[in-house]
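K.L.:
sequence isn't available, so here's the structure alone:
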DNA sequence: CCAAAAGTGTTATTTGTACACCCATGC
DNA sequence: GCATGGGTGTACAAATAACACTTTTGG
């Protein structure tokens, strides 16, 4: 373990937590993207450990929680503005599983007293984000070796209760499908009706009728058909649409 | 102020907070009841102060948050089982308004250092409860002089952001009106169709058509019409219904 | 000209909404 | 017998669901 180099500033942070952060509260973000006809979730892999988590962080003492979630995701995705909504708060006392935390610290060669704040119970506020896949530049930080997309259907083993958090977020997204313009955030500015339909089918996990879907979407005032068509593909060129 | 008698155990609790509770996290409950054709909200008035708040409390370190909310409400209402759902988490850094807290302590003749935990920022998890008005026995505790029902339309000035929390809870309740069997929790076991309709109209704040309402409710499999009618009232005796 | 995808319209069913008359009861 | 509230049905409109053919394009 001696050859592992843990950044000094990290050691300071975790061994002597400063008072900048709200105690025992954290934020976990489920960032959904859509690409290659798959729903994607942004995950972070921890250095010195082969485990993944959701991107998350802590809340500054003077910071609104929505703003904290935005800050955390700006660091991870490079995006300043994105669809971001609180969807649930997770407060099982065993959700943080200090064993996972211990394992991570062991892997880094860091040994902390039992009363260190990292072993405290955390209550986590879950945020659901929708982003345009192509605009995201996943960023690592001091503690993470990889930050990247995973297919929602092939999520690796996650630490803590993060699998459960993703499932809850997906349920929330499904409920909101026809009340929030999810395509506006998940698709590029211009998109075709079949692309939008595929997005809906992927989120719902079931096929939809093309004609009824087009009718339903066309009745939404926020979706506008452009004069252009998407050229380049094989077969008949589909119209492009955009959200106003 | 010298003649105010503050319980000794309370002084111990607030001046030297024990480690039983999760730091900087609290729970606030919006308890809705229905009586006299009015929506009611349970509020607590603080001793030595003329201000009201929602019933709330803190979370034990080893306690799931849903269980904490249940414990808090059992103390306040006497009810073990009630409809109780997390609906949002409130995390504005100024929501707890330490000025309110200071005023309360001043009124009690208690002077605490600035770094006392009571002046910390609190992030509060909002719970929405639906209860049968008649089954509730509102209870006071060490710190509260009154715990009682208020008409939702005549809520007094509340401390902190509790007015906002109630508004958010009401919005949540309205959205859930036709997906959750709210009558099951807000009305007595047996009720009439006009009573149920009045409940819905009160929550929505708008009149509904009698025939269409009855049709809609009758199509729900969870509502059953009994053979009995409600006797005693003037005019034609209405049928009784119940949730299965 | 053929395969593959995109565009479009009609019908039947269900759901929602508007609306009026008769019935039971207490006074 | 009348005022009040409770029970019920029908007709129209809107939304939903099922379903098939034609057009465009590349190869």
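P.N.:
Great, that's in hand. Computed from a predicted structure; not experimentally measured.

K.L.:
per-domain residue ranges of chain A.
P.N.:
Listed domain ranges for chain A are A:8-176, A:187-243 (source: automatic domain parsing).

K.L.:
out of these, nearest to residue B:120?
P.N.:
Closest of the domains of chain A to residue B:120 is domain A:8-176, at 8.0 Å (criterion: Cβ to Cβ). Bear in mind the C-beta positions are built from the backbone N, C-alpha and C, glycine included.

K.L.:
does the closest one reach chain B?
P.N.:
Yes - on the criterion Cβ under 8 Å from any Cβ of the partner chain, domain A:8-176 is in touch with chain B at A:22-25, A:59, A:61-66, A:68, A:86, A:88-89, A:91-93, A:121, A:123, A:125.

K.L.:
ok, and for whichever strand in chain A runs longest, which residues are buried?
P.N.:
Criterion DSSP state E: the longest strand present in chain A is strand A:25-35. Residues A:25, A:26, A:27, A:28, A:29, A:30, A:31, A:32, A:33, A:34 are the ones in strand A:25-35 that count as buried (16 or more other Cβ atoms under 10 Å in any protein chain shown).

K.L.:
dump those residues to JSON lines, plus pLDDT.
P.N.:
Shown next, in JSON lines, are those (pLDDT from 0 to 100):
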{"residue": "A:25", "pLDDT": "95"}
{"residue": "A:26", "pLDDT": "96"}
{"residue": "A:27", "pLDDT": "98"}
{"residue": "A:28", "pLDDT": "98"}
{"residue": "A:29", "pLDDT": "98"}
{"residue": "A:30", "pLDDT": "98"}
{"residue": "A:31", "pLDDT": "98"}
{"residue": "A:32", "pLDDT": "98"}
{"residue": "A:33", "pLDDT": "98"}
{"residue": "A:34", "pLDDT": "97"}
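
K.L.:
and the furthest pair within those residues?
P.N.:
Farthest pair in these (Cβ to Cβ) is A:25 and A:34. Separation: 30.4 Å.

K.L.:
list buried residues within the residues of domain A:8-176 next to chain B.
P.N.:
With burial judged by 16+ other Cβ under 10 Å, the buried subset of those is A:22-25, A:59, A:63-66, A:68, A:86, A:88-89, A:91-93, A:121, A:123, A:125.

K.L.:
ok so residue A:41 is a strand residue?
P.N.:
Yes - counting by DSSP: H, G, I helix; E, B strand; the rest coil, residue A:41 is found in a strand.

K.L.:
name the element residue A:194 belongs to?
P.N.:
Using DSSP states H and E, residue A:194 falls within helix A:193-204.

K.L.:
which stretches of chain A form strands?
P.N.:
Assigned by DSSP E, the strands in chain A fall at A:25-35, A:38-46, A:52-53, A:56-57, A:83-90, A:123-130, A:144-151, A:191-192, A:223-229, A:239-243.

K.L.:
same list, those strands, but as JSON lines with distance to residue B:243 please.
P.N.:
Converted to JSON lines, these look like this (distance: least, Cβ to Cβ, whole Å):
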{"stretch": "strand A:25-35", "distance to residue B:243": "35"}
{"stretch": "strand A:38-46", "distance to residue B:243": "37"}
{"stretch": "strand A:52-53", "distance to residue B:243": "42"}
{"stretch": "strand A:56-57", "distance to residue B:243": "40"}
{"stretch": "strand A:83-90", "distance to residue B:243": "26"}
{"stretch": "strand A:123-130", "distance to residue B:243": "31"}
{"stretch": "strand A:144-151", "distance to residue B:243": "42"}
{"stretch": "strand A:191-192", "distance to residue B:243": "45"}
{"stretch": "strand A:223-229", "distance to residue B:243": "40"}
{"stretch": "strand A:239-243", "distance to residue B:243": "42"}
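
K.L.:
mind listing what's buried along the longest helix seen in chain A?
P.N.:
Longest among the helix segments of chain A by residue count, using DSSP state H, is helix A:162-176. Within helix A:162-176, the residues that count as buried by 16+ other Cβ under 10 Å are A:162, A:165, A:166, A:168, A:169, A:170, A:172, A:173, A:176.

K.L.:
and the residue nearest to residue A:134 when sequence neighbours are not counted, how far is that from residue B:211?
P.N.:
Take residue A:134 and drop its neighbours on the chain: the residue closest to it by Cβ to Cβ, 6 or more residues apart in numbering or on different chains is residue A:188, 6.6 Å away. From residue A:188 across to residue B:211, the span is 49 Å (Cβ to Cβ, to the nearest Å).

K.L.:
in chain A, what secondary structure element scores lowest on mean pLDDT?
P.N.:
Within chain A, no helix or strand scores below helix A:8-15, which has a mean of 66 by mean pLDDT, DSSP states H and E.

K.L.:
and the gap between the spatially most central residue of chain A and chain B?
P.N.:
Central residue of chain A (Cα atoms, centre = their mean): residue A:31, 1.9 Å from the mean position. Computed as Cβ to the nearest Cβ, to the nearest Å, the residue A:31 to chain B distance reads 19 Å.

K.L.:
not counting its neighbours along the chain, what's nearest that residue?
P.N.:
Distance criterion Cβ to Cβ, 6+ apart; nearest residue to residue A:31, sequence neighbours excluded, is residue A:42 at 3.9 Å.

K.L.:
got the residues of chain A near DNA strand D?
P.N.:
Contact residues (Cβ under 7 Å from any atom of the strand) of chain A with DNA strand D: A:209, A:210, A:211, A:212, A:215, A:216, A:229, A:234, A:235, A:236, A:237.

K.L.:
which one of these sits closest to residue A:113?
P.N.:
residue A:216 (58.5 Å).

K.L.:
and that closest one, how far from chain B?
P.N.:
For residue A:216, the distance to chain B - Cβ to the nearest Cβ - is 20 Å.

K.L.:
which residue is the nearest non-sequential neighbour of that residue?
P.N.:
residue A:178 is the one closest to residue A:216 (Cβ to Cβ, 6+ apart), at 7.9 Å.

K.L.:
how many neighbours does that neighbour have?
P.N.:
12 (other Cβ atoms under 10 Å in any protein chain shown).
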